[in-house]
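Participant: Quick one, what's the 3D model for this:
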Amino acid sequence: MDHAGLADALGAQLIGVRRVLRRRLRADLLAGLIAGSGATPLTGSQVELLRLVESAPGIGVGAAAQQLHLAGNSVSTLVNQLTEAGLLRRDTDPADRRSARLMLTPAAAVRLDAWRAARVSLLAGALGELEDGERDALAAAVPVLARLAGIILATDPQPSFLGHIAERDEGDRDDSGG
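Facilitator: Sure, this is the predicted structure:
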């Protein structure tokens, strides 16, 4: 398979796995199977913002918008929604009282931990259905996928918070997948 064919196949499979994970986790949430996850499903953008704030506590709205590659007013809307939901807190920046620093609330930390645990459980169950050689192939692919993500990030003129998540996840293999 040439590079373009591999890129197309890999991209399609990564998107497919992520989509299936998100749908299944959302269905489990709605069915009340994910304890501590909260009753209201979050959008992908809301989860991305929460994960960013988790990886960079105290980040400002403007920096968050840049990291997420979103317009500032879009991130402000997300911040308002998540603040109203009790998942984000805006703290005044002591160095610039006009600016706010974003922090997760304990409820958000519980919710993200619950989602991670559910994701790990779902993936672990699916991995258990694979043959030993297939699991070995996936295990061998993890560092290669991390390196691939690093290469893609290195070509990005605006570094993304995904680099922070990849670095954090390197030390926590249980937080992979979706």
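Participant: Next, the buried residues of the longest strand anywhere in the chain.
Facilitator: What stands out as the longest strand in the chain, according to DSSP state E, is strand 96-104. Buried positions in strand 96-104, judged by neighbour count with 16 or more other Cβ atoms under 10 Å: 100-102, 104. Backbone N, C-alpha and C define where each C-beta goes, glycine included.
Participant: now for stretch 121-141, what's the gap between its first and last residues?
Facilitator: Using Cα to Cα, to the nearest Å, the end-to-end distance of stretch 121-141 comes to 20 Å.
Participant: Make residue 1 into 251 and carry on from there
Facilitator: Let's use 251 as the start, then, which means that last one is stretch 371-391.
Participant: What is the longest helix anywhere in the chain packed up against?
Facilitator: If you go by DSSP state H, the chain has its longest helix at helix 253-280. Applying 3 or more Cβ pairs under 8 Å, 6 or more residues apart in numbering; DSSP states H and E, we find helix 253-280 packed against helix 356-378.
Participant: Which strands or helices does the helix it packs on pack on?
Facilitator: With contacts defined as 3+ Cβ pairs under 8 Å, 6+ apart, helix 356-378 has these neighbours: helix 253-280, helix 294-305.
Participant: Just after that helix, pick out the following helix or strand.
Facilitator: helix 382-404 (DSSP states H and E).
Participant: Return the per-residue confidence for residue 268.
Facilitator: pLDDT, residue 268: 88.
Participant: what's the neighbour count on it?
Facilitator: 13 (other Cβ atoms under 10 Å).
Participant: so for the longest strand of the chain, what's the average pLDDT?
Facilitator: On average, strand 346-354 scores 88.
Participant: Can you give the strand pairings for that strand, parallel or anti for each?
Facilitator: With DSSP bridges as the test, strand 346-354 is paired with strand 338-343 (antiparallel).
Participant: contacting residues around the partner strand?
Facilitator: Contact with strand 338-343 is made by 299-300, 303, 308, 310, 329, 332-333, 349-355, 358, as judged by Cβ atoms under 8 Å, 6 or more residues apart in numbering.
Participant: Just give me the closest of those residues to residue 390.
Facilitator: Taking Cβ to Cβ as the measure, residue 300 is the one of the contacts of strand 338-343 closest to residue 390, at 31.1 Å.
Participant: residue contacts, that closest one?
Facilitator: Counted by Cβ under 8 Å, 6+ apart, residue 300 has contacts 292, 332, 337-338, 354, 358, 361-362.
Participant: low-scoring pLDDT stretches of this protein, where are they?
Facilitator: 280-289, 406-428 (pLDDT under 70).
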